[in-house]
Structures are given as structure tokens and as C-alpha cells.
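**Q** would you be able to build a 3D model of this:
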Amino acid sequence: RRCSSEGYFCNKISIEKLKHFVSKEAFTIDGLGKKIIEGFWKLKLLKFPQDIFKLDYKKIEKLDGWGKLSVENLRYSIIEKKKISLERFIYALGIRHIGLENAKILSKYFKVFPKFRDLSKNGKFNDLMNIDGIGETQVNSIKSFFLNESNLKVLNELEKVLVVKKAIQNSDDGLLKNKTFLVTGKLNGISRAEVKSLIEENSGKTVSSVSKKLNYLIIGDKPTKKKVDSAKQLKINVIDQDEF
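**A** Below is the predicted model:
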């Protein structure tokens, strides 16, 4: 069973939408995990995604488990994420049936945020059927999203506080042409989704496992030992974040 709400009228869906909004493949906001979102929701510190960028830090500092340093770290993490790529922004909205790959396809089609947002005004939903990789299920879901008033309000409010970068068209002849990459471990200040986008923008490819087809293994904090050992055995280049 599913709640029929496509917007923020259903409390359960609203909370899950917020969790999705800050998740790894979306905004990747450190210090704002699922439990924190639930806690802030109960305390009415946030209800909509735009509230994340207007949090009352003085109130948070007085809560159990929070201090000046942890609040400052949270504030910094949120400010740092006020710039986001169009593909990750579309994904973060939590439109049903729109995963990260679909979001990438849509971002390349719209190129800039205003063109995506203007779907609510021009209603050109049928045009989306011409996009390779987007089908009727996705189009209907996007249409339901844009026909919901609460979603439109969220989009308008987010536009006021965010910088949504225009989609970068992947180069066919970039610096990383014919090179394959795999990341293991936690990277500093950049998510795996951002690294993947950066590689693809420069004509490289990412793979999911260590094999002879892999050119570079990028290691972060606490990498998987098995992957590192396998890469060394196969004489694959093992590089850190700075080298990458």
C-alpha cells in the first residue's frame, strides 16, 4: 500500500522525502542523517526541504547531544551544499520512478533549472516521451509531481536559496578518455556520485569491481582491503584523492 500523496500532505511521505533529499546520491549533507531528520521534524524545526537551509541553529545548540562545535559543523555542511548540479537536484526531489540515471538524462535534456521548473507553466509533458531512456511511467510521474501545488511551492522556495548549476555536457574526447575508475573508502569533501559525474564529464568510465579492465583504483579513508590487494596483484594504478 502507498499513500496517494505526491506532495507533502502525508507526514510519513514528507519525512521520507526529507531523508532522501539529504541522502548520499542527492545533497549529501554530513551530520543530517535519518535520525536527525526525524528528531528535527518532531520538534517542528523543519517540514519542507527549503527549511534545511533556514534552520534555527540557536535552538539546535540547546538540544541534548548538540554543542557549539557540532552545530557549527552542521551549519558549514549545509552552506557547502547550496551549490548543486541539476541532475542531483532533480534526483533529490524524490519524484517517483526518477532515479539518478533518469535524473542525469533529464538534466542533459533541460540543461538549466528554469527550463525544468517551467514544465509547471508550459505543460509540455508529452515532449518528454521523445527523450531516449524516459518512458510513459516516468513522464506520468513527473506530470503528477508538477500538478501538485505543494511541490511547486517547494521548487520556488529552493530556487531562492540554492544555486543549481547547469548540466555539463559530457565530452567525447576528454582528459580521461578510455580510462576506467573505481572508488573505495570515504573521500574528503566530495561524494562518490560527484566523483562519478566528474569522471563521466571528462570521457572516463566507472566500474563496480576490480578486474583487468580497471585502470585506476581511487582510495579514500578506510578502503576495502580486498579491493586494494586485488588491484596491486593485477598491477592496477592505486591512487589517492589528491592524485586523482
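
**Q** just the strands in the chain please.
**A** Counting by DSSP state E, the chain has strands at residues 83-85, 163-165, 180-184, 205-206, 216-219, 237-240.

**Q** most tightly packed of those strands?
**A** strand 216-219 (a mean of 22; mean count of other C-beta atoms under 10 Å). Every C-beta, even on glycine, is put in place using the N, C-alpha and C of the backbone.

**Q** re earlier: among the strands of the chain, which is nearest residue 120?
**A** Closest to residue 120 of the strands of the chain is strand 163-165 (C-beta to C-beta; 15.5 Å).

**Q** helices or strands next to the closest one in the packing?
**A** strand 83-85, helix 86-92 (3 or more C-beta pairs under 8 Å, 6 or more residues apart in numbering; DSSP states H and E).

**Q** dump the strands of the chain to TSV, plus mean pLDDT.
**A** Formatted as TSV, the strands of the chain follow (pLDDT from 0 to 100):
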stretch	mean pLDDT
strand 83-85	93
strand 163-165	95
strand 180-184	95
strand 205-206	90
strand 216-219	96
strand 237-240	96
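
**Q** right, so of these, which gets closest to residue 41?
**A** Judged by C-beta to C-beta, the one of those that comes nearest to residue 41 is strand 83-85, at 22.1 Å.

**Q** separation between the residue nearest the centre of the chain and residue 101?
**A** By C-alpha atoms, centre = their mean, the chain has its centre lying nearest to residue 26, at 1.7 Å. The spacing between residue 26 and residue 101, counted by C-beta to C-beta, to the nearest Å, is 14 Å.

**Q** read off the pLDDT value for residue 41.
**A** On the pLDDT scale, residue 41 is placed at 95.

**Q** spit out the contact partners of the closest residue to it other than its chain neighbours.
**A** Setting aside the residues directly before and after it, residue 41 is nearest to residue 15 in space (C-beta to C-beta, 6 or more residues apart in numbering), at 5.5 Å. Applying C-beta atoms under 8 Å, 6 or more residues apart in numbering, we find residue 15 in contact with 37, 38, 41.

**Q** same thing with residue 90?
**A** Here residue 90 is in contact with 98, 103, 106, 107, 116 (C-beta under 8 Å, 6+ apart).
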